[in-house]
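Below is the sequence, then the predicted model.
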Amino acid sequence: MSHHLEGSRNSCALHGALQLFESIAGVVPVIHSTSGCGVQHYLGGTRLSGGNDPFGSPAVSSSNIGEKHVVFGGGSRLREQLKNTVKVVQGDLYAIVTGCSTEMVGDDIPAMAKEGLEQDWPVVYANTPGFRGDVHQGYHLAAKTLIEQLPELWKDAEPAPAGLINIWGIIPDQDPFWRGNLDELGRLLEAIGLVPNLLLGGDQGTAAWKRAPGAALNLVVSPWGELPARLLEECYGTPSLSLEGLPVGAAAGILLTRLTEQLGLDPLRTEEFINREQARLQRQFALLADSYYRKGFQREFALVGESSQVVGIGEFLGKSLGLLPRTLVITDNPPEHVREALVNRLTTIVPGYDTELVFSEDRAEIADAIRSGQAGVVLGSSLEQEVAVELGVPFLAVSFPLTNRIVLDRGYAGYRGAVALLEDLGSVILADSLSV
Amino acid sequence: MSPLRAKAPRSREKRLDTLGAWLGPVSAASAEFVAEDIVQRIRTFAQSSHDDLLYALRILAGIKNSITIIHGPRGCAAAGLYHMAAGCNTRWVVTNLDERDTIMGADSKLRKAVTALHHRYHPEVVFIVGNPVVAINNDDIQSVVKELHEELNLPIVPVYVTGFSSQNAVSGYDTALHALLKYLSGKSPVAEKSETVNLLSVAEHPQDRAEARGLLEGLGLTLNVFPDDAAIDAFRSAVAARASLSLCPDAPEYLGTILLEKYGVPLIDAPRPVGIEATGRWLKSVGTALGATQAAEELHQRKADETRRQLGGFSLKGRSVYISLSSANAFSLIDLVEELGGEVAGVTVTHLDRLHSRQLDALAARNPSLQIHVSDGQAFEELSIVRKLAPDLYVGDATHLAQIARLGIPIVSLETIGIIGYSGVVRLVRRIKAALVNRSFEASLVGIKHPYQESWFRRSHNWYIKREVK
């Protein structure tokens, strides 16, 4: 049975589905729920992920059901809303998403979507009531919707170029650095001769999703990418490569080597690229070294975030920067079968050093863990700033929700992300040393 | 019968004929309310808008030493993160109802949450907030409140918002205020009055409260400022106050009315103190009601002169301004723009009801053809209206500011500035000056696509607003 949560940072399934749909150019979410659901998403999601406002507003269509619809059903209201959405809002695809109220009332959403299809409107639907789970479930539901319903809609799938790689598991806004992270992963793939299919962000429209079934491989960078990758594997036989986290710094090289082996690419080209990037990263370490020693960068850290962030950032700080992972908190409720692997991996980042790993999404529980760990720097969401202040240690906001940073195309993945992280973390440690 | 007997007050629509969808000249709006023939409108295409839950949370976010428990699924607490980000220090908890809970009910979960939080934090008060799921299931919150109130000796206030029973979010203010009064102000009036004056402040900017406090304390008044940034004892003290004074005739209206009707605390009739002249009238009303007429007049003269000096002859002459704000702020801004010599191009207000009749009548007499648009969150209508009117400036706080900016129109948002009183005018004018003198950011945005079909812009702006068929 689920438990009450303080300062919940994982919102609900409806909001997770909106986050995915809004990040695909040309997709128009049509919310079938009470009027506040979209505004909750805007206030508690969009506005707290570092500046990220795809429509310049909350989602652009919502049926805003009232008492009458709760009593008598809201199907006809959805029919009217869908019809008028097509008239008012431009889109390549209209995605109906539902809230708790209309699911409890029992509106027949598939029937409404079918009516739309009969009018030749490009319509898909996802049942996404908040009581079904959090944003991660919403990402699952929305991705599943697209994978299963798009082929029905567009019989003429886009031909996929050779070496196309789908990237799964990055949830827009829930990872505030999602754009930058996707861009860097794309750059890495291109460098070894592959064609990245980012699926989300700026120029990634529905065409990217039409191409997805023809990909050579699904690259999965968080536990949340496993489901869409499995669905594609089942339907189209596409193989997958699963990472438990974002590759940051040297981990990017390991990923590229694995891809090169798995897909039979030119090993020399890959090696050359990795060497160049490693050499560049090493020059940055050398530039940093004087400050690193003088200002006492080497210290214990607490890190709070989604599993992919904790793996990526935690390993980079522990394995390349000499920091000590004191308290690691994973907030995204990864499924049970993933947890054991995460525990094994994350408690042994620095052999011989005792790391505490906690799975929690409760603000108070997380603060307790950080407090008892007494780390010398805290990386987490803005909700952790309070305990960092209490401990009197520097703080860097890296996970959702972010209230004091603007994030446009910054990312922490790959080689470039590693350098960005050095700059950001170094800056807060430096600022802290000046204020003492 | 006590007006606080019911679980929640009647919705604004039923109590004050509140409209959430309307478009037309102000003369027609005025006439509709004068004739008392008010027909509700609905939209056949709509965009997300605030609901009563969100407005109730705004009030609860301001109560010190409190814990707010949203007894619902996770997403209903998303706005709690926003309030935390905005600097609210209270704790936010969601009972995290899952699919099973929606079928079986979840009283035990709620009971557990209240008990655990009480033992961990010892708050002064716990709020339990409703939402669509518990409203549809008709979950028994009341018995949990009663039982735990006795067991834990803790004030527990259930706030019965639903997310759907009113189409006007402002009803949420009433519902929250109803609950706060009912559970925290005592059952009866008090015989012994204090010298204190209630200053009713609902969801106001801290700078606004500071300005009002400064002015009123300048008149020698002792204030009980609430519910914003107040502890729960303010609700009990309020009952003994010699009078209540509002920062706004709309948002705290229910609070002032119940304090008058149930507890016999006189309510001073005063406008919203936005703009030099309106602030003067506000002070004058206070002075007249509390026997400080001359002091109020002197204070106004002094402050008004000082403010005019600070404005240095700033004028909006020749400039047209579009205003899109909460109703009370919008009506105040219309007066202020005119006071500054500007012309109001059009106005969007969140809702319209009998509380605004006086302002509608005055406006209708002065500027009958001024178009008034009633909408919360309906960006598509507003974008089309503003595109057609092409004003020189947009003052607004809507969720879709950034869409308007794509039209190349300078924007002033009130989110981070207080506009009340004399200092408010100076602050606002500083922002307006900046917006008008450098429009390069809007120029940088021009050409970014908006999400609407071009054909929509050729439709009449009220195309999707229909009279409700009962």
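Right, received. Where do you want to start?

Show me the shaky parts of chain A.
Within chain A, the segments meeting pLDDT under 70 span A:1, A:52, A:56, A:157, A:435-436.

Chain B now?
For chain B, the stretches flagged by pLDDT under 70 are B:470.

packing partners for the longest helix along it?
What stands out as the longest helix in chain B, according to DSSP state H, is helix B:293-311. Packing partners of helix B:293-311 (3 or more Cβ pairs under 8 Å, 6 or more residues apart in numbering or on different chains; DSSP states H and E): helix B:206-218, helix B:276-290, helix B:421-437. The C-beta positions use only the backbone N, C-alpha and C, and glycine is treated the same way.

just the ones you listed: most buried one?
Comparing these by mean neighbour count (mean count of other Cβ atoms under 10 Å in any protein chain shown), helix B:276-290 comes out on top with a mean of 21.

and the angle from it to helix B:206-218?
50 degrees (axes from the mean of the first three to the mean of the last three Cα atoms, to 10 degrees).

Endpoints of stretch A:87-105, how far apart?
27 Å (Cα to Cα, to the nearest Å).

So which bits of it are buried?
A:88-91, A:93-105 (16 or more other Cβ atoms under 10 Å in any protein chain shown).

from those, which are also near chain B?
Restricting the buried residues of stretch A:87-105 to those near chain B by Cβ under 8 Å from any Cβ of the partner chain leaves A:88, A:89, A:90, A:91, A:99, A:100, A:101, A:104, A:105.

Among those residues, which lie within helices?
Among those, the residues falling in helices (DSSP H) are A:88, A:100, A:101, A:104, A:105.

Which two among those residues are spaced furthest apart?
The largest separation in these, counting by Cβ to Cβ, is between A:88 and A:104 at 27.9 Å.

picking that back up, what angle separates the longest helix of chain B from helix B:421-437?
Going by the same axes, to 10 degrees, helix B:293-311 makes 20 degrees with helix B:421-437.

Which of the residues in helix B:293-311 are classified as buried?
By 16+ other Cβ under 10 Å, the buried positions in helix B:293-311 come out as B:295, B:296, B:299, B:300, B:303, B:304, B:307, B:311.

Settle this for me: the first one is touching residue B:220, isn't it.
Read it as residue B:295. Yes. At 7.2 Å, residue B:295 counts as touching residue B:220 under the criterion of Cβ atoms under 8 Å.

nearest residue to the most centrally placed residue in chain B other than its sequence neighbours?
Among the residues of chain B, residue B:251 comes closest to the average C-alpha position under Cα atoms, centre = their mean, at 4.7 Å. Residue nearest to residue B:251 in three dimensions, not counting chain neighbours: residue B:202, with 3.9 Å by Cβ to Cβ, 6 or more residues apart in numbering or on different chains.

Any idea how many residues pack against the residue in the stretch 251-400 of chain A that chain B sits nearest to?
Nearest residue of the stretch 251-400 of chain A to chain B, counting by Cβ to the nearest Cβ: residue A:382, 6.6 Å away. Residue neighbour count, defined by other Cβ atoms under 10 Å in any protein chain shown, stands at 21 for residue A:382.

Then residue B:106?
26.

show me the contacts for the nearest residue to it once chain neighbours are set aside.
Nearest residue to residue B:106 in three dimensions, chain neighbours excluded: residue B:97, at 5.4 Å (Cβ to Cβ, 6+ apart). Residue B:97 makes contact with A:2, A:131, B:71, B:72, B:73, B:106, B:109, B:133, B:134, according to Cβ atoms under 8 Å, 6 or more residues apart in numbering or on different chains.

roughly how far apart are the closest residue to chain B within the stretch 101-250 of chain A and residue A:366?
Per Cβ to the nearest Cβ, residue A:130 is where the stretch 101-250 of chain A lies closest to chain B, at 3.6 Å. Here residue A:130 is placed at a distance of 22 Å from residue A:366 (Cβ to Cβ, to the nearest Å).
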